[in-house]
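Participant: fold the following.
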Amino acid sequence: MKLHDSILGGSLILVAAAMWFTSDALPNPTMQPYGPGFFPKILAAFLFATSLILCIRRVTVSQPLITLADWAREPKSVMRVLLVPVAVVLFVMTTDSLGFIPAAILMVWAMMAANEVRPMPALLASTLVVMLVHSIFYLGLNVQLPWGVLQPVRW
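Facilitator: Presented below is the predicted three-dimensional model:
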């Protein structure tokens, strides 16, 4: 699927405006003139400028607003694409109760199964990948991840 550049540019202008105005809400405990909202405002200004240039340069190009690629006409491919945000939302909703490890294994396994990976290799691969990621964050970076149902066997 291809969107006309003016649609993309207009959307990014809205994102830049949201970045600009929400960066004012960041707390500045030291009251320095260049607080935590300074860098997001610089990024928002660059995003706004480049998005505006994109809109202005492409307004003269005549093309349809939305063009569907061949894969977007296949329901199975569209479902695979939609599975990613659905899986992420479900992961966020279940991580506290299930724990990081089970929720992540289910998410990765579901996406692999949707892409026609056989169930057992998908389960093995998703378990190994999640355990590697968990080890990097929990042991290497000392990030506390939720244990959920695995609280009794926490290491």
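
Participant: which residues in the chain form helices?
Facilitator: 5-23, 38-58, 75-98, 100-114, 119-134 (DSSP state H).

Participant: okay, the ones you listed, which one's buried deepest?
Facilitator: Among those, ranked by average contacts under mean count of other Cβ atoms under 10 Å, first place goes to helix 100-114 (a mean of 19). Every C-beta, even on glycine, is put in place using the N, C-alpha and C of the backbone.

Participant: which other helices and strands does that one contact?
Facilitator: Judged by 3 or more Cβ pairs under 8 Å, 6 or more residues apart in numbering; DSSP states H and E, the packing partners of helix 100-114 are helix 75-98, helix 119-134.

Participant: what's the distance between His4 and Val108?
Facilitator: His4 is 35 Å from Val108, where distance means Cβ to Cβ, to the nearest Å.

Participant: could you do Asp96 as well?
Facilitator: The gap separating Asp96 from Val108 is 18 Å, by Cβ to Cβ.

Participant: repeat that for Val117.
Facilitator: From Val117 to Val108 the distance is 10 Å (Cβ to Cβ).

Participant: and for those two, which residues touch both?
Facilitator: Both Val117 and Val108 are contacted by Ala125, under the criterion Cβ atoms under 8 Å, 6 or more residues apart in numbering.

Participant: how does the protein divide up, domain by domain?
Facilitator: As recorded under automatic domain parsing, the domains making up the chain are 2-67, 73-153.

Participant: where among these is average confidence lowest?
Facilitator: Comparing mean pLDDT across the domains of the chain, the weakest is domain 2-67, with a mean of 84.

Participant: chain center to it: distance?
Facilitator: Distance, stretch centre to chain centre, for domain 2-67: 18 Å (Cα atoms, centre = their mean, to the nearest Å).

Participant: report the buried residues of stretch 135-152.
Facilitator: 138, 147-148 (16 or more other Cβ atoms under 10 Å).

Participant: what's the closest non-adjacent residue to Met112?
Facilitator: Ala122 (3.8 Å; Cβ to Cβ, 6 or more residues apart in numbering).

Participant: tell me how far the one you found lies from Val153.
Facilitator: Taken as Cβ to Cβ, the span from Ala122 to Val153 is 24 Å.
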